Structures are given as structure tokens and as C-alpha cells.
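1. let me see the structure of the following:
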Amino acid sequence: MVSKHHSLQTGEVGDLVDMLIGFEAQNKVRVKLIAELPFPLVRGDLEVTVVAYPVSAPSSEAKPLACASVTCLATGLRDLANVLIHALYLLDSQLADLELGSAEQSS
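-> Residues are numbered from 1 along each chain as shown. As a prediction, the model looks like this:
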């Protein structure tokens, strides 16, 4: 099955992993990536969800800090890397809002 899909090559997977590692380092979080078929099922669509957890706790025990989901058809994106970039952008925005809210409360 994988051999029929040339768009997901080892190099692309490595690029996606590097992107996630960089995001985690920059934001000091752990990221969980979930890819699933949307419901109701629409042919050619995929829902990608990214969830940020505190670095200090295992994700099985930690409460999520932020979560973002995008679907390929809703965004008009057909490349997995671009969908992930879009999802991480939304997640980054949520994390920034949390950080700003924490800074305002401590002032």
C-alpha cells in the first residue's frame, strides 16, 4: 500500500518529525499528532489534530494545554506537510494566548 503512495517518502516523514521537534523545543511542550478520517466520511479528506502537553509530565497523565484540528478539504490543503504546518500555526496561536493570559494575571 505504501509503495503506491509516492508522496509519503522517508524524507517527508523526517521533515515532519523535524518540524514537530522544532515546535516542541520552541514552545517547551510535547506534541501529540493525531490523523483520522473525519465523520461523516468524505472521500479524500483527513482530519489532523495536534495537542500540546506540558513537557514536565507524561502525556498520559497531563492535561492538554491547547489543541487544534484542521481538515484537508476545509483548508484546501492537499499536502500533509502543509496541513501539519497549518495545524501547528493554530496551536502556536493558542499557546501564545495562554502565555499572554498568564503574564497578565501575574502582573
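
2. so in this structure, which helix runs the longest?
-> The longest helix of the chain (DSSP state H) is helix 80-106.

3. any buried residues in that one, and which?
-> L80, V83, L84, I85, H86, A87, L88, L90, L91, D92, L95 (16 or more other Cβ atoms under 10 Å). Using the backbone N, CA and C atoms, a C-beta is placed for each residue, glycine as well.

4. now tabulate these in a markdown table and tack on distance to L46 and pLDDT.
-> Listed next are the buried residues of helix 80-106 as a markdown table, based on distance: Cβ to Cβ, whole Å; pLDDT from 0 to 100:
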| residue | distance to L46 | pLDDT |
| --- | --- | --- |
| L80 | 8 | 88 |
| V83 | 7 | 93 |
| L84 | 11 | 94 |
| I85 | 15 | 95 |
| H86 | 12 | 95 |
| A87 | 11 | 97 |
| L88 | 16 | 97 |
| L90 | 16 | 97 |
| L91 | 17 | 98 |
| D92 | 21 | 97 |
| L95 | 23 | 97 |
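
5. among those, which one sits closest to K28?
-> L95 (9.3 Å; Cβ to Cβ).

6. my guess is that closest one contacts A68, does it?
-> No. L95 lies out of contact with A68 (Cβ atoms under 8 Å); the separation is 9.7 Å.

7. list the contacts for S56?
-> A62 (Cβ atoms under 8 Å, 6 or more residues apart in numbering).

8. state the helix or strand in which it lies.
-> Per DSSP states H and E, S56 falls between elements, in no helix or strand.

9. what's the distance between it and A62?
-> According to Cβ to Cβ, to the nearest Å, S56 and A62 sit 8 Å apart.

10. same check on S93?
-> 20 Å.

11. give me the neighbour count for T71.
-> 17 (other Cβ atoms under 10 Å).

12. okay, and the beta partners of it?
-> E47 (DSSP bridges).

13. pretty sure it contacts P40?
-> No. In this structure, T71 is not within contact of P40 by Cβ under 8 Å, at 11.9 Å.

14. and the closest residue to E24 other than its chain neighbours, which of the three is it?
-> Nearest residue to E24, sequence neighbours excluded (Cβ to Cβ, 6 or more residues apart in numbering): V31, at 5.5 Å. Recorded secondary structure, V31: strand (DSSP: H, G, I helix; E, B strand; the rest coil).
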